[in-house]
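*Asks:* structure for this input, please:
(chains A and B)
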There are 2 protein chains.
Amino acid sequence: MSNKWVIAGGYFAVPGADRPVLQGYMTVEDDIIVSISEEAPAPEEGVERMDGSRLLFLPGLVNTHGHAAMSLLRGYGDDMVLQTWLQEKMWPMEAKFTGEDVYRGTALSILEMLKGGTTTFLDMYDHMDRVAEAAEESGIRAVLMRGAIGLCPEEVQREKLAEAVAFARNWHGRAEGRLTAMMSPHSPYTCPPAFIEKFVQAAHDLDLPMHTHMSETRAEVEQNVTEYGLRPVAHLEKLGMFTRPSLVAHGVHLTDEEIGILARHRVGVSHNPGSNLKLASGIARVPELLKAGVPVSLGTDGAASNNNLDMFEEMRLAALIHKGVSGDPTAVPAAEALKMATEYGAASLFLERVGRLAPGMKADFIAIDIDQPHLLPHSDLLSHAVYSASAKDVAHVWVDGKQLVKNGECLTLDEERIRREAQEAFEGLLNR
Amino acid sequence: MSNKWVIAGGYFAVPGADRPVLQGYMTVEDDIIVSISEEAPAPEEGVERMDGSRLLFLPGLVNTHGHAAMSLLRGYGDDMVLQTWLQEKMWPMEAKFTGEDVYRGTALSILEMLKGGTTTFLDMYDHMDRVAEAAEESGIRAVLMRGAIGLCPEEVQREKLAEAVAFARNWHGRAEGRLTAMMSPHSPYTCPPAFIEKFVQAAHDLDLPMHTHMSETRAEVEQNVTEYGLRPVAHLEKLGMFTRPSLVAHGVHLTDEEIGILARHRVGVSHNPGSNLKLASGIARVPELLKAGVPVSLGTDGAASNNNLDMFEEMRLAALIHKGVSGDPTAVPAAEALKMATEYGAASLFLERVGRLAPGMKADFIAIDIDQPHLLPHSDLLSHAVYSASAKDVAHVWVDGKQLVKNGECLTLDEERIRREAQEAFEGLLNR
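*Replies:* Predicted coordinates:
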C-alpha cells in the first residue's frame, strides 16, 4: 500500500515561478511529490495532513563537492599558507586515516549535513566502502567516488583505478537508488595525463559521469601550462574528459576562453566560496560562468577548510561576495543562489528528479521554522532563506519521502554515539 | 548582600593569551568578573557553582554599527542598486515610521541580538527615546544616538541638534550605566560642514564621543572631493571631529594617507562586511587598517542590508573575505576576528570594562554549546567559534552579571509578543 500525505498551509519555495513562494498544499506519495498548489486537494481517506503553517519548505540542499571524512580535521589547522597547511597538517594526519576513521568522520559530516538541510552530497575520498555504508545507514542521498591521486608507481595507479571501478560497480544505484557513483581522478596537477585518460575510458565503459578538482589555485594553473603547454580546461578537454558528463570543483582561475569551453560541453562547476576564501585561493568568476550558461552549483569542500558544512552559508557567500567584488548589487540574486544550492546542484550531479519542488520530483525537501526573530517580518521568505537563515533553522528533513530529521533531531542516526566516536577518532589520530 | 557564583570546568576564550582557550573556573560577583583560572577557587559558603563543561564562554559580542528599527524592512528590498533601494524602498517606508514602529523594530532586533550572543550594540536612528526604552527593558548594553541628516532648513537642523543633545543628556549613564550616548551627524554627504561643526561643539560640551557614516561608497567620496576639495577623512579632520574620541562606520574607500590620519587620531572603524558586500559598496582595507593600529570593530548595519544581526557571521566574513581578496591565508586570523567582535568593539565604543574575560571586567559574556556535530572534534574551540558557529549556537547570555538568555530563551523579553507586533508593524507600514 502506498503512503500518501499532504502538507497543508505551508510556504513552498518555487524560485522559477512568477511568485517565488507559493502558499498552499503539497501532496507526497511514497518517494514522489505528486502535487503542489494553492488550492487544497480533495480530501481522501487515509491521507494524513501535516500542518505546514509557520514552515517554509525548500528543496533539499545539494552539496556538490566535499570530503566528508575531513570533518575529523576541523580546526586542526587554520590561517595558514596552503602548502604548509597541506604538508604539515592535513597530509600527515590523513596518512593515518583508517577505514574506521573515514567512517566516523563521514558519519559526523552526514549528521551535520542532514540536520542542516543538505539532502544530497558528493563525496570524493578514500575508503569509499565505509563512506557508502555511513550514507546508506543515514538515509541521505549521495554521489560517491574514489578520488585517485596518480603521483605513484604504475602498479599503484592500476590498483587505484581498479578500486574506483569496483566501488562504482558495487555501489552505483544501491540503497533504493539513493547512492550513485562518478569516476574521479583527483586533479590535473596530481594525475599524469595517461592516468586521467584511463579514468575517462572507465567512465565510458561504466556509463558514469566524471568529477575532478580544477583550477583551484593560480599556482596549479601555471604549473599545468609549464608541464603540458595548456591551461587546465584545454588540457582536460584534450584528454577526453568532457566527452563524459562532467563536474569540476572550484574553477577559480578561468579565462573567458575557458568559460566558453566549459559552457560548450555543459561542464558543471562546483563553486566552493567558503573554502576558496579561507585558503585564499581567490574568487571564482561566478557571474560570468552563470551568464555563459555554465551550471554553477555550490559545495562546502571538506570541513578542514570551511569549517562547517552549512549550505545556507555557501548560498549567502555566493550571493554576497560576487556583489562586493563586482560592484554590482544585482549580481547573484537570492533566487539564483537558492537554485545553485538545489536545482543546479542536482543537475550537476546528473540527478534528474531532484532539486525542485514540483510534481514528479523526488520527495527530497526540508522545512525551516519561520517564526523566529531573524526571519521576521514575513516580507520575502525566499530572501530570508538565503540572506538570513542558517543550518540551525532547519526543523524537518525528508529524503525519498522518508522523514530523516524531525524538530531538529535526526531520526536515523545515533547522534550521541557519532559525536563521541568522532572525538575519540580525532584523539586517536593525534596519539598515534 | 552580593551575589557571587562560579562557573566550573568551562572553556574560556582569552584570545590574547599564550593558550587562547583556558579550561577552568570563572568567578562572578554581581556585575563583575572577579577571577578566571585553571585552578578551582577555594569553596565558599553561599557561592553557587554552575557546571560549565560542554560550554565555551566568550566575551559578549559588540555590534558597533546599526539601525535596529530597520529590521522591520528585512527582505523588503534586495538585490537592487543602492539609489533605487534607498529611493524606492527604504526612504518611503522609513518616512512612515512612527515611534511605535521604531520601538517594535528595535525590540525585534534586540531579541535577535541577545539570543545570538550580542551583549552591546550601537544604534543610530530616530525616535531614540523609544530605542532607549526597548534597550532598558531588555537588559542589553547599548550606545545610543540620534543620527541627524542635515539636508534641511536651518530651523529643522537646530531642532535635530537640540533633540540629539536632549537625548544624550537624558539617557547617558542610565539603566545602571548600561546606556551611554554619542553624538552623531549622519555623514559628510548628508550634513553641511557647519552642521557637523555644531555636533562637534556639542560633543565637547557634553564630553561625549562622536560617530558617523564615512566613505561607504566610491560615489560619496568623489562627491566630497567635488564639493569640498577634500576626501572625507581630511574633511572631518578639518571640521574638528577627531578632536573628540570618534568611531566611523564603513570606511570602505580609504587611501594610505587617510588610514594614517585615522591611526594618528585613534579613530575607530566599524567594519560592516555583510552590508558592504550586499550593497556592493566594496571591500574595506581591513588588514591595512589593523596593521596601522586603527581599532577595527564589527557591525551588522541595519537588517535591511545584511539581512540578519548575527555577529558570528560578521566575524566569519571578516576572517574569510580579506584572505580571499588579498590572497594571504594568514590575513585576519580567527583570534583577531574574535577580538574585533569583542575587545576592539568595546574600545571603539569607549567602554573600558567590556570586551574581555578578565578580572575586573564587566560580567558581559555568552556560552556556546560545543557538543554539536559542527563544533566537533574539540581541536581548536576558538577556531570553531569563528569559522563554524552561528548565532543559533548561543545557549546562555549574561550582561552586567545578570542572565538574559538561558537555554536559548530570552528571560527578559516576551518573545511571542515582540514577534507578533513586529509582523503587525510591517503590515501597517505596507497598508498606510
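
*Asks:* for the host helix or strand of residue A:6, packing partners?
*Replies:* For residue A:6, the element it lies in under DSSP states H and E is strand A:4-13. The contact analysis (3 or more C-beta pairs under 8 Å, 6 or more residues apart in numbering or on different chains; DSSP states H and E) places strand A:4-13 against strand A:21-29, strand A:48-51, strand A:55-59, helix A:381-387. C-betas here are computed from N, CA, C, even on glycine.

*Asks:* hmm, try it at 10 Å
*Replies:* strand A:21-29, strand A:32-37, strand A:48-51, strand A:55-59, helix A:334-341, strand A:365-369, helix A:381-387 (3 or more C-beta pairs under 10 Å, 6 or more residues apart in numbering or on different chains; DSSP states H and E).

*Asks:* out of those, the one nearest chain B is which?
*Replies:* Nearest to chain B, of all the helices and strands packed on strand A:4-13, is helix A:381-387, at 3.9 Å by C-beta to the nearest C-beta.

*Asks:* rewinding a little: quick check: can you name the pairing partners of the strand holding residue A:6 and their directions?
*Replies:* Strand A:4-13 sits in its sheet next to strand A:21-29 (antiparallel), strand A:48-51 (parallel), strand A:55-59 (parallel), going by DSSP bridges.

*Asks:* name the residues of the second one that are buried.
*Replies:* Pointing back at strand A:48-51 there. The neighbour-count criterion (16 or more other C-beta atoms under 10 Å in any protein chain shown) identifies residue A:50 as the buried residues of strand A:48-51.

*Asks:* again, but for the longest one
*Replies:* Residues of strand A:21-29 classed as buried: A:21, A:22, A:24, A:25, A:26, A:27, A:28 (neighbour count, 16+ other C-beta under 10 Å).

*Asks:* any idea of the mean pLDDT in it?
*Replies:* Averaged over strand A:21-29, pLDDT sits at 97.

*Asks:* and for stretch A:381-395?
*Replies:* 98.

*Asks:* ok, that stretch near chain B or not?
*Replies:* Yes - using C-beta under 10 Å from any C-beta of the partner chain, stretch A:381-395 comes into contact with chain B via A:381-393.

*Asks:* and the strand holding residue A:6, how far out from the chain middle?
*Replies:* 25 Å (C-alpha atoms, centre = their mean, to the nearest Å).

*Asks:* and the angle for it with helix A:334-341?
*Replies:* On the basis of axes from the mean of the first three to the mean of the last three C-alpha atoms, to 10 degrees, strand A:4-13 is oriented at 130 degrees to helix A:334-341.

*Asks:* what's across from the residue positioned nearest the centre of chain A in the sheet?
*Replies:* Within chain A, the residue whose C-alpha comes closest to the C-alpha centroid is residue A:63; the distance, by C-alpha atoms, centre = their mean, is 1.4 Å. The partner list for residue A:63 in beta bridges (DSSP bridges) reads residue A:121.

*Asks:* who are the contact partners of it?
*Replies:* A:109, A:113, A:116, A:118-123, A:142-143, A:270, A:272, A:297-301, A:309-311, A:314, A:341, A:345, A:349 (C-beta atoms under 10 Å, 6 or more residues apart in numbering or on different chains).

*Asks:* also residue A:19?
*Replies:* Per C-beta under 10 Å, 6+ apart, neighbours of residue A:19: A:38, A:382.

*Asks:* next one: the one 5 residues further on
*Replies:* Residues in contact with residue A:24 (C-beta under 10 Å, 6+ apart) are A:7-12, A:35-41, A:52.

*Asks:* can you pick the most crowded of the residues of stretch A:381-395 next to chain B?
*Replies:* residue A:386 (31 neighbours; other C-beta atoms under 10 Å in any protein chain shown).
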